[in-house]
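Participant: got a predicted structure plus its sequence, pasted below:
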Amino acid sequence: MALDNFYHNLPKVELHAHLNGSLSSATLLQLKRFHADSGILDKTNAFIDEFFVSAGDTRSLSDCFQVFGIAHALTSVPEAVGLATALTLKEFEEDGCCYVELRSTPRQTENMSRTQYVDAIIKSIERSISTAKEITSLAIEYHNSYPDIVLGLELSGDPTIGKFQDFVPFLNQARAAGLKITLHCGEVANEQEILEMLDFQPERIGHGICIHPRLGGSDKTWQKLCDMKIPVAVPADANLPGKALSDMPTATPPTGSNCVLI
Ligand SMILES: CNc1ncnc2c1ncn2[C@@H]1O[C@H](COP(=O)(O)O)[C@@H](O)[C@H]1O
């Protein structure tokens, strides 16, 4: 177990990763969900288990090549290629890879040209940062023109994608221009990110569920929140992991100093 942690925490470089050969079962399932939601026909049913080649597997190299068809069927439109790229790079990062050489064969399909394929990968890598830059400029521009209407900037979105630190320069820029900052924080359990967000000292936190040790947080995250007295706004439909909203008053007891809004 200690050795597992050691290898996990060791900074690593990945020098030969094919995008379609690196899709995890979680990514394949997300791609299937994307196909279902978009109404795109997906013929890979029941074949996902075949994709994984592990120790003791007797399949030959040519058998293995056939199973790439499963991955390719799930990355046949630009949106799916972009999603596969984002999820795969996130997993490499979570595994402690600090440098990845991701390669992929620009593939043409009925619904995608080779240029669109390459574009989808590039945009997926660039997306969150260039969007954040554009939104920050808009918020500052409108705050300057309408200071009583545009009051602040909030960081939200899929809490399992991206890194808080990547957005800090934009949030600092907005703060320097006079905007208040609210952060979706602790929507999912992630101690390191919660501590980084608290260190940023946002004017308010949204969600804040997984800060308490009984709901996926730790004593450290909870104590820091209480010490810093940052107000927390918990939406009534917050996705409490396996909990009902009625558990909240006992799960996050008022400390006498923190302001909790539901
Ligand atoms: C087992 N070792 C290997 N030897 C040779 N080629 C391999 C490979 N593993 C993967 N590929 C190549 O990568 C493609 C899938 O990813 P991309 O569509 O490019 O992202 C496969 O179709 C094959 O051409």
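Facilitator: Good, I have the coordinates.

Participant: make it CA atoms for all contacts and neighbour counts henceforth
Facilitator: Fine.

Participant: give me the contacts around stretch 23-38.
Facilitator: L41, D42, I48, A71, L74, T75, A80, L83, A84, L87, T88 (CA atoms under 8 Å, 6 or more residues apart in numbering).

Participant: which one of those is nearest the ligand?
Facilitator: A71 (7.9 Å; CA to the nearest ligand atom).

Participant: pLDDT wise, what is that closest one at?
Facilitator: We have a pLDDT of 91 for A71.

Participant: can you pull the contacts of it?
Facilitator: Contacts of A71 by CA under 8 Å, 6+ apart are N20, G21, L23, L28, F51.

Participant: ok, which of those also contact the ligand?
Facilitator: Applying CA under 6 Å from any ligand atom to those, one finds that N20, G21 fall near the ligand.

Participant: so which of the contacts of A71 is the closest to the ligand?
Facilitator: The ligand has its nearest neighbour among the contacts of A71 in N20, at 3.8 Å by CA to the nearest ligand atom.

Participant: quick one: that closest one and H143, what's the gap?
Facilitator: 44 Å (CA to CA, to the nearest Å).

Participant: neighbours of the closest residue to the ligand within the stretch 101-250 of the chain, just the number please.
Facilitator: The minimum distance from the stretch 101-250 of the chain to the ligand, using CA to the nearest ligand atom, falls at S104 (3.4 Å). The number of residues packed near S104 is 13, by other CA atoms under 10 Å.

Participant: on that earlier part again, mind picking the lowest-pLDDT entry from the contacts of stretch 23-38?
Facilitator: Within these, pLDDT is lowest for I48, at 69.

Participant: near the ligand, which residues of this protein?
Facilitator: H18, L19, N20, G21, F68, S104, T105.

Participant: mark out where each domain of this structure begins and ends.
Facilitator: As recorded under automatic domain parsing, the domains making up the chain are 2-126, 151-261.

Participant: of these, which is nearest L138?
Facilitator: Closest approach to L138 among the domains of the chain is made by domain 151-261 (10.0 Å; CA to CA).

Participant: mean confidence score for that closest one?
Facilitator: Domain 151-261 comes out with an average pLDDT of 83.

Participant: pull the distance from it to the chain's centre.
Facilitator: 16 Å (CA atoms, centre = their mean, to the nearest Å).

Participant: got it, and stretch 24-34?
Facilitator: 14 Å.

Participant: got the contact list for the most centrally placed residue in the chain?
Facilitator: When CA atoms, centre = their mean is applied to the chain, the residue found nearest the centroid is I161 (0.9 Å). The contact partners of I161, by CA under 8 Å, 6+ apart, come to A86, L87, K90.

Participant: got those residues as a markdown table, with secondary structure columns?
Facilitator: Shown next, in a markdown table, are these (DSSP: H, G, I helix; E, B strand; the rest coil):
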| residue | secondary structure |
| --- | --- |
| A86 | helix |
| L87 | helix |
| K90 | helix |
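
Participant: buried subset of these?
Facilitator: A86, L87, K90 (16 or more other CA atoms under 10 Å).

Participant: out of these, who's nearest D63?
Facilitator: Taking those together and measuring to D63 by CA to CA, the closest member is L87, at 25.9 Å.

Participant: count of neighbours near D227?
Facilitator: Look at D227: counted by other CA under 10 Å, it has 12 neighbours.

Participant: could you do Y117 as well?
Facilitator: 24.

Participant: I'd guessed it sits against L83; true?
Facilitator: No: in this structure, Y117 is not within contact of L83 by CA atoms under 8 Å, at 11.8 Å.

Participant: end to end, how far does stretch 53-69 reach?
Facilitator: 14 Å.

Participant: so which residues make contact with it?
Facilitator: N20, G21, E50, F51.

Participant: all helices for the stretch 1-150 of the chain, in order.
Facilitator: 2-9, 25-38, 61-73, 78-94, 114-145 (DSSP state H, counting those that start in this stretch).

Participant: next SSE after the last one?
Facilitator: With elements assigned by DSSP states H and E, the helix or strand that comes after helix 114-145 is strand 152-155.
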